[in-house]
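Chemist: coords below, sequence missing:
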């Protein structure tokens, strides 16, 4: 919009003008696309793994195996239900947070001042803002005294800035001093806030978890299709019936589908999310739990994140013959303790902590608050029959009052403070003759949070590099980095390039597009990036990052864009989140390896049995029973006891698929060994052989999880009681089903006992195979790095 005439709206807008503008410009809110819950739910039925489950259900209906159809359909609905419910709950948490941030604004309508929801503001509205108000829309200041506004949530600047009549103030900034009328120039998506939000909309990421699940699904689909094609070719040559071929396709498809994998992985991440919620951290996107495990670069916003966004007194320069506590005492008298001014609050707090200085009973007779024009505050004090004045303000203004006494030393002190990123504040008092005398120069800075340095050191110990990004000047960034031990490779954002993003310890004078670009470049170079922040300016990068973290007190925009929202001050919970996520990752890797190995084991064993022996080793019902008992109990892996890695975790699909394939092939050999013993040595009937193979596949399959759950030998980490208990209960049940003859021919208890002994022996062999395969893979990886 163009400039609006102050005089044309001095009485405010009329109701009809408001209605027309509301229709033309829309509400003063960012547009949100409300996702249809039904469509979100249906999306869980789209993808390689759901397609496989749906194909199995369709084939069951085609050959009229209605029991199988109902069971498979129930598994499909369970997978979708778990994922949808967890996402729905997380969305509700964010919606609740957003409702607490609803703003009100004071507006002049039809000649009267009234308070309305900020969303109802329209361009050309006359609004009134005062100390502590959040500016509800971009607006141009009317006639009046200058005000000071805090734009840290928008620009990252830690200090308030002065705005005079005619200047623009941005939506989301906070009035720190003064009050004034203003005319709204832009609302909703047209504000500075809204333009930043468009960057958020442009940030779309596909999680590494989603990619990994797709790769696993694709790998199993390829194997299944190859084996089905092979069997179809053989069936055509043999002249077998279409029904028998369809029956095989059904069995093979059911065997290939890792029916519970999405549910197990979602529950594993949900358990971790609930653990973090107990520490006051809300996970808004479940996949971010897995992403946190792989973070190797954490982009941390300085203001309000690494620092507390609260000014604090630093060192004090004292004039000749003046003590530091005297300077602080005088500065405190020239401040208002009840004021919301950040500088006054810092001075008063600092003076309370300093050594006591009291010239006797002193009364404040008159106080003049800080004036952006005079650039100083002043107090008139009475000490008995004597009165004098104290003042604090911009150093140059104070020096002018004092006649530039000791100018060289004062200038050197101010330059030293400026070089360290400190803000200087001059302090003076009057002598008995009324002339001004310089007392000293105070320094002010935004100090790091108490836990920031410890968080950075803990992150480094876990292989995570912390990079600071800030809208402040480079000297301020350097001083903060020095205090936190971040390093000295800091650059101005104007020097942003792919080369220095890789090497930098931090960037200063950063705008939203810079932060977005930093995250983008790091991801391009193969890094998994975490981003912490609290302001509107952080939102695009929070969205683009693999794991965006909104700290306590973050703006609505930052919370909406983030994957994790912290509800308490401090960053130590981030380290807890990384530890928790790495435990989750270990559990997911364990399950994925187990699930792929079992799928290969069943697929190859059944295919070879049909091709070579023209015999179905297990029935469809048996396969469904194995899926229900084994995968159902494996849900307890979400609570397994694991050790987190001190290095960032990544999906090494080559290692996962290779180890799973080796274990799968070993399982096929073991299955044919038992098949040979039962058919040739014990001369068992085909029906009893099927029961024997069912129990072997069930018991040996569940024992596989104890092989895959550790990177070392199986005894290197004790399993959680809930996992061990679940395995024992389900496999005792599987044994009872086999011996009792439920859904199959009864199996002699001595044969069942033999199956247990056989499975345990192969369990020990498989553990050795796992270790040997991992050694070979790690050796190859080392050789490739050295080549």
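Modeler: Arrived safely. Please read all numbers here as calculations on a predicted model, not as lab measurements.
Chemist: number of nearby residues for residue 568?
Modeler: Counted by other C-beta atoms under 10 Å, the residues lying close to residue 568 total 12. Where C-beta positions appear, they are placed from N, C-alpha and C, glycine not excepted.
Chemist: likewise residue 713?
Modeler: Residues within reach of residue 713, counting by other C-beta under 10 Å, total 12.
Chemist: wait, it sits on residue 767?
Modeler: Yes: if you go by C-beta atoms under 8 Å, residue 713 and residue 767 touch, sitting 6.3 Å apart.
Chemist: could you pull up the mean pLDDT of the helix or strand hosting residue 72?
Modeler: Assigned by DSSP states H and E, residue 72 belongs to helix 66-99. Mean pLDDT, helix 66-99: 64.
Chemist: same check on stretch 114-128?
Modeler: For stretch 114-128, the mean pLDDT works out to 88.
Chemist: do stretch 697-713 as well
Modeler: With pLDDT averaged residue by residue, stretch 697-713 scores 90.
Chemist: mind listing the helices for the stretch 201-350 of the chain?
Modeler: Per DSSP state H, counting those that start in this stretch, the stretch 201-350 of the chain carries helices over the ranges 208-238, 242-256, 261-277, 287-294, 324-333, 342-353.
Chemist: and residue 608, which of the ones you listed is closest to it?
Modeler: The closest of the helices of the stretch 201-350 of the chain to residue 608 is helix 208-238. By C-beta to C-beta, the value is 9.5 Å.
Chemist: the inter-axis angle of that closest one versus helix 287-294?
Modeler: Interaxial angle, helix 208-238 versus helix 287-294 (axes from the mean of the first three to the mean of the last three C-alpha atoms, to 10 degrees): 100 degrees.
Chemist: work out the gap between helix 208-238 and the centre of the chain.
Modeler: Chain-centre distance of helix 208-238: 35 Å, with C-alpha atoms, centre = their mean, to the nearest Å.
Chemist: biggest helix in the chain, by residue count?
Modeler: Criterion DSSP state H: the longest helix present in the chain is helix 572-613.
Chemist: ok, then the element right after that one?
Modeler: Moving toward the C-terminus from helix 572-613, the next element (DSSP H and E) is helix 620-626.
Chemist: quick check: buried residues in that next one?
Modeler: For helix 620-626, a neighbour-count test (16 or more other C-beta atoms under 10 Å) marks 620-626 as buried.
Chemist: helices and strands around it, which ones?
Modeler: Helix 620-626 sits against helix 66-99, helix 242-256, helix 686-708, helix 721-740, with contacts defined as 3 or more C-beta pairs under 8 Å, 6 or more residues apart in numbering; DSSP states H and E.
Chemist: hmm, 6 Å instead?
Modeler: Where contact means 3 or more C-beta pairs under 6 Å, 6 or more residues apart in numbering; DSSP states H and E, helix 620-626 is packed against helix 242-256, helix 686-708.
Chemist: pLDDT on the shortest one, on average?
Modeler: To tie it back to what came earlier, the one meant is helix 242-256. Averaged across helix 242-256, pLDDT comes to 65.
Chemist: coming back round to it: most neighbours per residue, which of the helices of the stretch 201-350 of the chain?
Modeler: Highest mean neighbour count among the helices of the stretch 201-350 of the chain (mean count of other C-beta atoms under 10 Å): helix 287-294, with a mean of 27.
Chemist: now do it against helix 261-277, angle only.
Modeler: Per the same axes, to 10 degrees, the angle that helix 287-294 makes with helix 261-277 is 80 degrees.
Chemist: centre of the chain to helix 287-294, how far?
Modeler: The answer for helix 287-294 is 8 Å, by C-alpha atoms, centre = their mean.
Chemist: and it, what's its mean pLDDT?
Modeler: 80.
Chemist: kindly report the same for stretch 655-662.
Modeler: Averaging pLDDT along stretch 655-662 yields 91.
Chemist: give me the contacts around that stretch.
Modeler: The contact list for stretch 655-662, computed with C-beta atoms under 6 Å, 6 or more residues apart in numbering, reads 592-593, 596-597, 769-770, 773, 777.
Chemist: for the stretch 201-350 of the chain, give me the ranges with low pLDDT.
Modeler: Scanning the stretch 201-350 of the chain for pLDDT under 70 picks out 201-210, 241-263, 338-340.
Chemist: mind redoing it with 50?
Modeler: 201-204 (pLDDT under 50).
Chemist: ok so, going back, looking at the helices of the stretch 201-350 of the chain, which is closest to residue 745?
Modeler: Nearest to residue 745, of all the helices of the stretch 201-350 of the chain, is helix 242-256, at 17.8 Å by C-beta to C-beta.
Chemist: and the contacts of stretch 655-662, which is closest to residue 526?
Modeler: residue 777 (19.7 Å).
Chemist: for that closest one, report the pLDDT, please.
Modeler: pLDDT for residue 777: 87.
Chemist: let me know the secondary structure of it.
Modeler: The local conformation at residue 777, judged by DSSP: H, G, I helix; E, B strand; the rest coil, is helix.
Chemist: give me the neighbour count for it.
Modeler: Neighbourhood size, residue 777 [other C-beta under 10 Å]: 15.
Chemist: now it: how far from residue 661?
Modeler: As judged by C-beta to C-beta, to the nearest Å, residue 777 and residue 661 stand 12 Å apart.
Chemist: same question for residue 421.
Modeler: Distance of residue 421 to residue 661, given as C-beta to C-beta: 57 Å.
Chemist: what sits up against stretch 328-345?
Modeler: The contact list for stretch 328-345 (C-beta under 6 Å, 6+ apart) reads 131-132, 177, 311, 347-348, 351, 354, 357, 377, 379, 390-392, 427, 429, 439, 442.
Chemist: repeat the analysis, applying 8 Å as the threshold.
Modeler: 131-132, 148, 150, 159-160, 176-177, 310-311, 313, 316, 347-348, 350-351, 354, 357-359, 362, 364, 367, 369-370, 377-379, 381, 390-392, 425, 427-429, 439, 442, 444 (C-beta atoms under 8 Å, 6 or more residues apart in numbering).
Chemist: sweet, I'm off.
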